[in-house]
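Participant: Structure, please.
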Amino acid sequence: MRTRGRVQPPAAGALRFQILGPLRLWRDGVELDIGPRQQCCLLALFLAREGRPISTGDLVELVWDENAPASALNVIHKYVGALRRLMEPDLAARSAGSHLLRHGNGYLFTAGPGMLDLAAFRGFVVAARTELLAQRRDEALDNYVEALRLWHGPAGGTSVYGSAATSIFAALDGEFLDVCTAAAELAVTLRQPARVLAALRTAAAMAPLHEPVQASLVATLAAAGQQAEALSVFQAVRERLADDLGIDPGHALQAVYLRVLSQTVMPAPVPGGEPRAEAATPGSWSATASLAPAQLPPDLPTFVGRADELAALSRMFDALCQGNRTSPLIVAMDGMGGVGKSTLAAHFAHMVTDRLTDGQLYLDLRGHEDESVPAADALRSLLSSLGAEESGIPDSVDARTATYRSFTAGKRILILLDNVRDVAQVRPLLPNSAESLVLVTSRRPLVGLAALDGAHLLHIDLPDMSSARALLKRRLERSSHRPGAELASSADVLEEIIELCGRLPLALAILAGRLSARPRLSLAAVAAELRDDARKLAAFPGGSGVSDPRAAFAWSYRQLSPDAARLFRLTSAALAPGISAEACVSLFGERPQIIDALLQELTEAALLDEDDKGRFSSHVLVKAYAQEVFLAEKSEPDRRAAHTRLLQHYLHSSYHAVVMLSPRRWPIAPPPASAGVVPERPGDYDSAMQWFENHYEVLNEAVRHAADLGFGVVPWQLALTLQPSLQWSGRFHDWQDVMRVSLRAALDNGDRVGEAHALRSLAGARHSFGDNEEAVELLKAAQQIFAEHAMLPEQGIVHTNFHRIYSELGRHEDALQENEKALALYRAAGNEQAEVWALEARGRSLVQLGAFDEARDALEKALALNQKSGRKTDEPEIRMYTAQYLVQMGRPLDAADQLDQALRAAVGTKNKVDIFQASTLLADVMMSVGDVPGATRAWRGACDVMQDMQNGGTQNMRDAVYRLGTRIAEATGA
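Facilitator: The predicted structure is shown next:
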C-alpha cells in the first residue's frame with residue numbers, strides 16, 4: 001500500500017462527525033444522541049455545507065419545505081443552541097463556540113482536521129486525481145480506496161427529508177457514485193478489482209437504476225473472476241429497468257454484458273498462472289447457431305391497457321395464421337416519442353411467440369438517435385443471430401439482403417424492428433417468408449412501407465385516463481415505499497400528475513422510477529414541479545441510459561427542416577385547444593404558401609397533431625420543449641412579435657366575421673395589423689357563424705392571454721367581437737367571463753372607453769342570468785362614461801338595454817321612455833338597422849301598455865325595415881312581439897303562425913336563444929287553444945335547444961320549461 005494520507009483517529013476530547021451514511025456524532029470516543037428529527041436534519045445540513053454559510057431563510061426552507069410554521073426561526077435558533085452544547089458541553093451560555101458560528105443572517109459550520117468524513121473523502125479524491133495526472137496509477141488507486149472506505153450508505157441516512165434538503169444529499173451521493181466508477185475502471189486496469197468491490201456493491205444498492213455504477217459492478221465482478229455473479233447483476237438490473245422505467249439497458253451496460261459473455265473483460269490474475277480466460281474468437285458465437293434465437297426484450301410486468309390496439313394486432317395475426325399470404329405480415333406502429341410503441345410491440349410479441357416456432361429476432365435501429373444503425377450493420381447483426389459465420393457474411397448490402405432472405409425463407413419467425421428511422425432503413429430487413437410476423441415501431445408513419453410492401457399502419461395514441469392511472473399506480477405499488485394506502489389518500493395528486501404529464505407513458509414511467517428511487521420525495525412535490533411550465537421537463541431526469549422526454553423530443557426536432565423547426569418553436573405561443581393553419585400563417589409571418597407543407601412535416605414527426613376540426617396542437621410536454629427552444633433561440637422582441645401577430649390574427653379575423661353577422665352594430669375597427677398578419681375573412685353569414693363556432697374556445701383564451709401579456713391586442717376590443725356569437729349560442733358563462741377579464745384589463749390600463757364597453761356588455765350577460773339589479777348598475781356606469789365622451793350611438797345601445805331590462809321587470813312606462821331616447825339617438829346617427837331595434841322594442845312596450853294600434857304600426861314598420869335590409873337576425877324577435885300583440889287581440893291562431901315564422905327565422909340565423917324563446921311562446925299559445933300535441937312538440941324543441949347551450953341554459957330557462965312541462969303533464973294526465 002502506497003497511501004499518502006489516511007484519516008487519523010480523533011484525538012482525546014475531539015469530535016468526529018459521520019455524514020457519509022447514517023448521521024453519527026462522537027465526542028471523546030463516545031457516540032452521542034443527536035436529538036429530535038429536525039435537529040438531526042439541521043446538523044446534517046451544516047455538515048453537508050461545511051465551510052459555506054447557510055442563511056436562516058434557506059434553513060427554514062430546507063427543513064420544512066413549504067410547510068414552515070410561524071415559529072420556524074425560533075425553532076432554528078433553539079436547535080442551533082442545542083447543537084452547540086452537544087459539541088461543546090462546557091460552552092458558556094450564549095457563546096457561539098468553535099464550530100457553529102453566526103455568519104450574516106445565517107450560520108457557518110467549520111470542522112477541524114480529522115473531524116468530518118466528507119472533508120476526508122474529498123481530500124483523498126483530490127489526492128487520487130493528482131496522482132493520476134502524474135501517471136502514478138497505483139498511488140491513485142490507493143487514495144480512491146481510502147476515500148470509498150468512508151462511505152456507509154446514502155449521505156445523511158434517515159435524517160434527511162423534504163424535497164429541498166434531499167437534493168443536497170443526492171448531490172453528495174452523486175460524488176460517491178462518480179468516484180466509484182472512476183476507481184472501478186482504474187482497479188480493473190491494474191488487475192486489482194477486489195479492492196473496490198465492497199464500495200461498488202454499496203453504490204449499486206444506493207442507486208439501483210444508475211447504469212454507469214451497475215456497469216462498473218458487472219465489469220469489476222467479471223474481472224475478479226466472478227462471471228456468474230456479474231451476469232446475475234446484469235439480469236437483475238435489466239429487469240429493474242424494465243419494471244420501473246419500461247426501458248432496456250443502455251449501450252454502455254449492454255456492451256459490458258456482451259464482453260462478460262464473450263469473456264473479453266480482463267480477469268484478475270491467478271497466482272502462479274495465466275489469466276483465467278482469453279478473449280473469444282470472432283466466430284465463437286456460431287456455437288449457438290443450432291438454437292432458435294429468442295432475442296425479445298422482456299415483457300413489461302406493469303403493462304396495462306391498450307385493449308383496442310391489442311385487439312387490432314390479434315385480428316391481423318389471426319389472418320396470418322389462416323394462410324393464403326404471399327408475404328410476411330408487417331405491422332408498422334407509429335406515434336410520438338414516449339407513447340409506448342416499443343412496450344406494446346414487445347408485449348404483443350410475447351403473446352404470440354409460441355405460434356412462431358422458428359424464434360424471435362430483435363433489433364433496435366436507433367432511428368431516434370443522431371447515428372442510427374445502417375441497413376448493412378443491421379443485416380450483419382440479424383445474420384449473426386440466425387447462425388451465419390462471421391467470415392461468411394458478404395460485404396455489400398445487396399448481397400447481405402439476399403443471404404438474409406435465404407436464411408429466413410419458409411421460416412415462422414417473429415422480427416421486432418424497434419425505433420426505425422425511415423422506410424429505406426427497414427426494407428432490406430424484411431424476411432422472405434409468408435409465415436413470418438414483422439413488428440416495426442417508428443416516430444413517423446411509414447406510408448411507403450404500406451404502399452410498397454403491404455404493411456399495416458397502426459397509429460399509437462396516448463392511453464386514456466383510466467389506463468394512464470392504472471399504469472402509474474401499478475408501478476408505484478411495486479415499490480415498498482409507496483403502500484396502497486398512501487396512493488389512495490393521494491388520489492387527487494396522482495390525477496393531477498397524470499394530467500400534467502399529458503398521460504405520456506414514458507413520462508409516467510420515469511416519474512414512477514424517480515419516486516421509487518427517492519422514497520422521501522413526495523407526490524405533492526412532484527406535482528409542484530410539473531405545474532411550473534418554465535421548468536416542467538426538469539421533473540424528468542435524464543442521463544444514465546434513461547431516455548427522458550426532452551431527449552425524445554430533441555431528436556425529432558433536430559430532424560426538421562429549418563422552416564419547420566422555426567414554426568415548431570413558434571407553436572409554443574399557440575393557445576388552447578389548438579391553432580388552425582390560417583393562424584399559423586400569421587404566426588409564421590412570412591411565405592404563407594409554405595405553411596401547409598411545414599404543418600405536414602411537423603405532423604409526420606409526431607410533434608403536432610391535427611384534430612377533426614383542422615386544429616393543430618402539441619402534447620403538453622412537447623409544447624414545453626417547444627417553449628424551451630423558443631426561449632433559447634429567440635430574443636424577447638422576437639417572442640413579443642410572435643405573440644402579437646397571433647393575437648392580431650384572432651382580433652382582425654373575429655372583426656371580419658362579426659361584420660358579416662351584424663354589419664350595423666358599430667363594430668369597432670381594430671388598429672392596422674402588423675406585417676405578416678393575414679386575417680381570415682368569412683364570405684357569408686353561415687361561414688361567419690361556423691367560424692365563431694370553430695374558434696370560440698381559442699378566442700376566449702385569446703382574450704385572457706392578451707390581458708395577461710399586456711400587449712398584442714386590447715382585450716375588450718376582441719371580447720366585443722365575440723359577444724353576438726356567444727350570446728346567440730347560449731354561452732352565457734363564457735360571455736360573462738371574457739367581459740370580466742376585459743373589464744379588469746381596461747381598469748388596470750386606465751382605459752375609460754374600454755371600461756364603458758366592457759361594462760355595457762357585461763350588463764347583458766348578467767341580465768341573461770336574471771341579475772337585473774346588477775345589470776342596471778353596470779349600464780348606469782357605462783352610460784356615464786359614454787356621455788362624458790359624447791359617444792351618441794353607444795348611448796343609444798345602453799338605452800335599448802335599459803328598455804329590455806325594464807320590460808322584464810314590468811316597468812313598461814320606464815321601458816318606453818328609454819326606448820324613445822334610444823330611437824332619437826339612432827335616427828340622429830342615421831343607422832336604419834338600429835332604428836329597427838328601437839321600433840320592435842317600442843312595439844313590445846306598447847302591447848304591454850294596451851296601445852295595440854300603435855304597437856301594430858311600430859312592429860309592422862320594424863318588420864318592413866328589416867326585410868328591406870335583407871338581414872334576418874332581428875326578424876325572430878319582431879315576430880315574437882307581433883305574436884304577443886295578436887294574443888292580446890284574441891287571435892291565437894294568427895299568433896301561432898307568427899311564432900312558426902319566428903322559429904324558422906331563428907333556425908336560419910342559428911340563434912339558439914331566439915329558437916328557445918319562440919318555442920316556449922309557441923307551446924304556450926298551443927296550450928291556450930287546446931292543441932296539446934302541438935304544445936308538446938314545441939316544448940320538446942325548447943328542451944332540446946336549451947340542453948345544447950352551455951351548462952344547459954340559465955336557471956330562468958330551466959324554470960320556464962319546467963312550468964310548461966308541468967302544464968302539459970297535467971293536460972295529458974301523465
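
Participant: Please identify the helix or strand for Ile76.
Facilitator: Following DSSP states H and E, one finds Ile76 within helix 72-87.

Participant: Off-centre distance for that helix?
Facilitator: For helix 72-87, the separation from the chain centroid amounts to 44 Å (computed by C-alpha atoms, centre = their mean, to the nearest Å).

Participant: Could you do stretch 393-406 as well?
Facilitator: Taking mean C-alpha positions (C-alpha atoms, centre = their mean), stretch 393-406 and its chain are 45 Å apart.

Participant: Now that stretch: buried residues?
Facilitator: Ile393, Pro394, Val397, Arg400, Thr401, Thr403, Tyr404 (16 or more other C-beta atoms under 10 Å). Using the backbone N, CA and C atoms, a C-beta is placed for each residue, glycine as well.

Participant: Quick check: the gap between the spatially most central residue of the chain and Leu530.
Facilitator: Nearest residue to the geometric centre of the chain (C-alpha atoms, centre = their mean): Val620, 2.7 Å. Distance of Val620 to Leu530, given as C-beta to C-beta, to the nearest Å: 9 Å.

Participant: Looking at stretch 561-579 now, give me its mean pLDDT.
Facilitator: Per-residue pLDDT values over stretch 561-579 give a mean of 94.

Participant: Where does Phe616 sit, in terms of helix or strand?
Facilitator: Element membership of Phe616, judged by DSSP H and E, is strand 615-617.

Participant: For Glu601, see how far away the residue nearest to the centre of the chain is.
Facilitator: Distance of Val620 to Glu601, computed by C-beta to C-beta: 21 Å.

Participant: can you tell me how far Tyr362 sits from Ala346?
Facilitator: Note on Tyr362: its distance to Ala346, by C-beta to C-beta, is 8 Å.

Participant: Find the residues that touch each one of these two.
Facilitator: Leu296, Pro297, Leu416 (C-beta atoms under 8 Å, 6 or more residues apart in numbering).

Participant: Confirm Arg744 sits in a strand?
Facilitator: No. Arg744: not assigned to a strand; according to DSSP: H, G, I helix; E, B strand; the rest coil it is helix.

Participant: residues in contact with it?
Facilitator: By C-beta under 8 Å, 6+ apart, Arg744 lies in contact with Ala707.

Participant: Relative to Ala758, how far out is it?
Facilitator: Arg744 is 9 Å from Ala758, where distance means C-beta to C-beta.

Participant: residues shared between the contacts of Val620 and Leu530?
Facilitator: Residues touching both Val620 and Leu530 (C-beta under 8 Å, 6+ apart) are Leu500, Cys501, Lys536.

Participant: Give me the buried subset of the residues you listed.
Facilitator: Leu500, Cys501, Lys536.

Participant: part of a strand, is the last one?
Facilitator: No. Residue state for Lys536 (three-state DSSP) corresponds to helix; a strand is not indicated.

Participant: Could you tell me how many residues sit around the closest residue to it other than its chain neighbours?
Facilitator: Using C-beta to C-beta, 6 or more residues apart in numbering and skipping the chain neighbours, the partner closest in space to Lys536 is Ala624 (4.4 Å). Ala624: 25 surrounding residues under other C-beta atoms under 10 Å.

Participant: Give me the three-state assignment for Ala624.
Facilitator: Relying on three-state DSSP, one would call Ala624 helix.

Participant: That one contacts Leu537, correct?
Facilitator: Yes. In this structure, Ala624 is within contact of Leu537 by C-beta atoms under 8 Å, at 5.4 Å.

Participant: Secondary structure element holding Arg639?
Facilitator: For Arg639, the element it lies in under DSSP H and E is helix 636-661.

Participant: what packs against that helix?
Facilitator: If you count contacts as 3 or more C-beta pairs under 8 Å, 6 or more residues apart in numbering; DSSP states H and E, helix 636-661 packs onto helix 581-588, helix 685-709, helix 715-728.

Participant: Let me know which of the ones you listed is tucked in deepest.
Facilitator: helix 715-728 (a mean of 25; mean count of other C-beta atoms under 10 Å).

Participant: And that helix, what does it pack against?
Facilitator: Taking 3+ C-beta pairs under 8 Å, 6+ apart as the contact cut, helix 715-728 packs with helix 636-661, helix 685-709, helix 732-748, helix 752-768, helix 912-928.

Participant: ok now the fourth one, how far from the chain's centre?
Facilitator: When distances are taken as C-alpha atoms, centre = their mean, helix 752-768 is centred 36 Å away from the chain's centroid.

Participant: Mind listing what's buried along the next helix or strand after it?
Facilitator: Next in sequence after helix 752-768, counting helices and strands by DSSP H and E, comes helix 772-788. Along helix 772-788, these residues count as buried under the neighbour rule (16+ other C-beta under 10 Å): Asn772, Ala775, Val776, Leu778, Leu779, Ala781, Ala782, Gln783, Ile785, Phe786.

Participant: Report the angle between helix 772-788 and helix 732-748.
Facilitator: 40 degrees (axes from the mean of the first three to the mean of the last three C-alpha atoms, to 10 degrees).

Participant: Give me the nearest residue to Ala424, chain neighbours excluded.
Facilitator: Sequence neighbours aside, Ala375 is the residue nearest to Ala424 in space, at 7.4 Å (criterion: C-beta to C-beta, 6+ apart).

Participant: and the one you found, what does it touch?
Facilitator: So Ala375 contacts Val397, Ala424, Gln425, Pro428, Leu429 (C-beta under 8 Å, 6+ apart).

Participant: now the closest residue in space to the first one that isn't next to it in sequence, what's its secondary structure?
Facilitator: It stands for Val397. Closest residue in space to Val397, ignoring its immediate chain neighbours: Ala376 at 4.8 Å, by C-beta to C-beta, 6+ apart. In three-state terms, and counting by three-state DSSP, Ala376 is helix.

Participant: Leu458 should be in a helix, yeah?
Facilitator: No. When classified by three-state DSSP, Leu458 is found to be strand rather than part of a helix.

Participant: which SSE is the closest residue to it other than its chain neighbours in?
Facilitator: Distances taken as C-beta to C-beta, 6+ apart place Met333 nearest to Leu458, at 4.9 Å, with adjacent residues excluded. Using DSSP H and E, Met333 falls within strand 329-334.

Participant: for that strand, packing partners?
Facilitator: Strand 329-334 sits against helix 307-321, helix 341-352, strand 437-442, helix 447-453, strand 456-459, with contacts defined as 3+ C-beta pairs under 8 Å, 6+ apart.

Participant: Show the pLDDT at the residue nearest to Ala424.
Facilitator: pLDDT at Ala375 comes out at 90.

Participant: Distance of it relative to Arg421?
Facilitator: Distance, Ala375 to Arg421, by C-beta to C-beta: 10 Å.

Participant: same question, Pro249
Facilitator: In this view, Pro249 and Arg421 are 22 Å apart by C-beta to C-beta.

Participant: Asp453 now?
Facilitator: Taken as C-beta to C-beta, the span from Asp453 to Arg421 is 16 Å.

Participant: Tell me which of the two has more neighbours.
Facilitator: Legend: neighbour count by other C-beta under 10 Å for Asp453 and Arg421, higher for Arg421 (20 against 17).

Participant: Against Glu371, how distant is the more buried one?
Facilitator: To Glu371, Arg421 is 11 Å away according to C-beta to C-beta.

Participant: thinking again about what came up before, and the residue nearest to Lys536, how far from Ala524?
Facilitator: On the measure of C-beta to C-beta, Ala624 and Ala524 end up 20 Å apart.

Participant: same check, this time on Ser729
Facilitator: Taken as C-beta to C-beta, the span from Ser729 to Ala524 is 40 Å.

Participant: Of the two, give the one with the bigger neighbour count.
Facilitator: Neighbours were counted for Ser729 and for Ala524 using other C-beta under 10 Å; Ser729 has more, 21 against 15.

Participant: If we ignore the residues flanking it in sequence, what's nearest Ser216?
Facilitator: Ala184 (3.9 Å).

Participant: burial of that neighbour, as a residue count?
Facilitator: By other C-beta under 10 Å, the residues close to Ala184 number 27.

Participant: Return the residues in contact with it.
Facilitator: Shown in contact with Ala184 (C-beta under 8 Å, 6+ apart): Pro193, Val196, Leu200, Ser216, Leu217, Ala219, Thr220.
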